[in-house]
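Engineer: Test case, fold it:
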Amino acid sequence: MVKIDMNSDEFQAELEKTIRFTDKVIKQFGWVYNPDAEINEGIQLGLTRNKMMHGKRYCPCFFVTGNKEEDRICPCPPAIEKEIPEDGVCHCQIYCTPEFAASKKAEESMEEAVHQHSRGLSKEECETLLEKEQLDGDEIQALIEARTLGMVNFKLVDVREHMEWQMGHIKGADQLVPTSSFFDSLEKAKLDKNENIILYCHVGSRSAHCQRILGDMGYSKVGNLTYGIVSYGGEIER
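Structural biologist: Residues are numbered from 1 along each chain as shown. As a prediction, this is how the structure comes out:
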């Protein structure tokens, strides 16, 4: 097993070469670095390690097998031909399109606002949040607050049982559609298949199951409170 000393002068000199190499790749293809500097640093360290161990800057996200046809040398053909054109970012996440980077920055700003309560969300951030299939308690709370301000619209649906609803439900919940009588209750709820719907239960398992059912039924915008009402820090109504 070859051991690489990251603090050695040899490694640091090779790391500088790698950084110049990735800078050149960025410029050549018109890409940009990932907004997350830690991702870029990690990949550059991995590329440097592989260069010292194997003689080439193989992608650090894949095993180096010794098979020239399989091993990926940075920037690899799949990233150039498919991943970045289609997804906006390569598998290793270091290279991305300017559009992907801008979207990533906006998403990080939104997450900071949601989880640190540093500011209110914009209308665009609310709409982006509603596109998520899995949400946490802070995100639900932020969306409920935004809805009271008229910035966004959605239905918050409790899929627990009536007794659980009486014991305590999220303030702002619109409907109770118990899992035990799901289809009958769903019909009475008259939810629009094209409106934004967020489901929740006690710990997230029943609501995740109902989310899949609604998706199969043609409901196109269904989110789920991942860990249920127990993870929600907002106001509970009894």
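Engineer: Give me the distance from the helix ranked longest in the chain to the chain's centre.
Structural biologist: Across the chain, the helix with the greatest residue count (assigned by DSSP state H) is helix 9-29. Mean-position distance between helix 9-29 and its chain equals 29 Å (Cα atoms, centre = their mean, to the nearest Å).
Engineer: That helix packs against which elements?
Structural biologist: The elements that helix 9-29 packs onto, with contact taken as 3 or more Cβ pairs under 8 Å, 6 or more residues apart in numbering; DSSP states H and E, are strand 32-33, helix 37-54, strand 95-96. From N, CA and C alone the C-beta is placed, and that goes for glycine too.
Engineer: Show the average pLDDT along the very next helix or strand once past the last one.
Structural biologist: This points to strand 95-96. The C-terminal neighbour of strand 95-96 among helices and strands, as given by DSSP states H and E, is helix 98-116. For helix 98-116, the mean per-residue pLDDT is 81.
Engineer: which residues sit against helix 98-116?
Structural biologist: By Cβ atoms under 8 Å, 6 or more residues apart in numbering, the list of residues contacting helix 98-116 from outside reads 31-36, 87-89, 96, 118-121, 124-125, 128-129, 138-139, 142.
Engineer: which residues in this structure form helices?
Structural biologist: All helices of the chain, identified by DSSP H, fall at 9-29, 37-54, 77-78, 84-87, 98-116, 123-130, 137-148, 162-167, 182-189, 205-216.
Engineer: any chance of those helices in a markdown table, with distance to residue 197 and mean neighbour count too?
Structural biologist: Below are the helices of the chain laid out as a markdown table (distance: least, Cβ to Cβ, whole Å; neighbours: other Cβ atoms under 10 Å):
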| stretch | distance to residue 197 | mean neighbour count |
| --- | --- | --- |
| helix 9-29 | 41 | 14 |
| helix 37-54 | 33 | 17 |
| helix 77-78 | 36 | 12 |
| helix 84-87 | 27 | 13 |
| helix 98-116 | 19 | 15 |
| helix 123-130 | 10 | 17 |
| helix 137-148 | 12 | 20 |
| helix 162-167 | 17 | 12 |
| helix 182-189 | 10 | 13 |
| helix 205-216 | 7 | 17 |
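Engineer: hang on, the earlier thing: between the helices and strands packed on helix 9-29, which gets nearest to residue 238?
Structural biologist: Across the helices and strands packed on helix 9-29, the minimum distance to residue 238, taken as Cβ to Cβ, is reached by helix 37-54, at 43.4 Å.
Engineer: who does the closest one touch, helix- and strand-wise?
Structural biologist: For helix 37-54, the helices and strands in contact under the criterion 3+ Cβ pairs under 8 Å, 6+ apart are helix 9-29.
Engineer: switch the cut-off to 10 Å
Structural biologist: The elements that helix 37-54 packs onto, with contact taken as 3 or more Cβ pairs under 10 Å, 6 or more residues apart in numbering; DSSP states H and E, are helix 9-29, strand 32-33, strand 95-96.
Engineer: Let's see the lowest-mean-pLDDT helix or strand in the chain as PDB, backbone CA atoms only.
Structural biologist: The element with the least model confidence among the helices and strands of the chain, by mean pLDDT, DSSP states H and E, is helix 98-116, at a mean of 81. Listed in PDB are the C-alpha atoms of helix 98-116, where the atom choice follows Å, rounded to 0.1, in the frame of the first residue of the first chain:
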ATOM      1  CA  PRO A  98     -22.500  28.700 -14.900                       C
ATOM      2  CA  GLU A  99     -26.200  28.100 -14.800                       C
ATOM      3  CA  PHE A 100     -25.800  25.100 -12.400                       C
ATOM      4  CA  ALA A 101     -23.500  27.100 -10.200                       C
ATOM      5  CA  ALA A 102     -25.900  30.000 -10.000                       C
ATOM      6  CA  SER A 103     -28.700  27.700  -9.100                       C
ATOM      7  CA  LYS A 104     -26.600  26.000  -6.500                       C
ATOM      8  CA  LYS A 105     -25.700  29.400  -4.900                       C
ATOM      9  CA  ALA A 106     -29.400  30.300  -4.800                       C
ATOM     10  CA  GLU A 107     -30.200  27.000  -3.200                       C
ATOM     11  CA  GLU A 108     -27.500  27.400  -0.500                       C
ATOM     12  CA  SER A 109     -28.800  30.900   0.300                       C
ATOM     13  CA  MET A 110     -32.300  29.500   0.600                       C
ATOM     14  CA  GLU A 111     -31.200  26.700   2.900                       C
ATOM     15  CA  GLU A 112     -29.300  29.200   5.100                       C
ATOM     16  CA  ALA A 113     -32.500  31.300   5.400                       C
ATOM     17  CA  VAL A 114     -34.600  28.300   6.200                       C
ATOM     18  CA  HIS A 115     -32.400  26.600   8.800                       C
ATOM     19  CA  GLN A 116     -30.800  29.600  10.400                       C
END
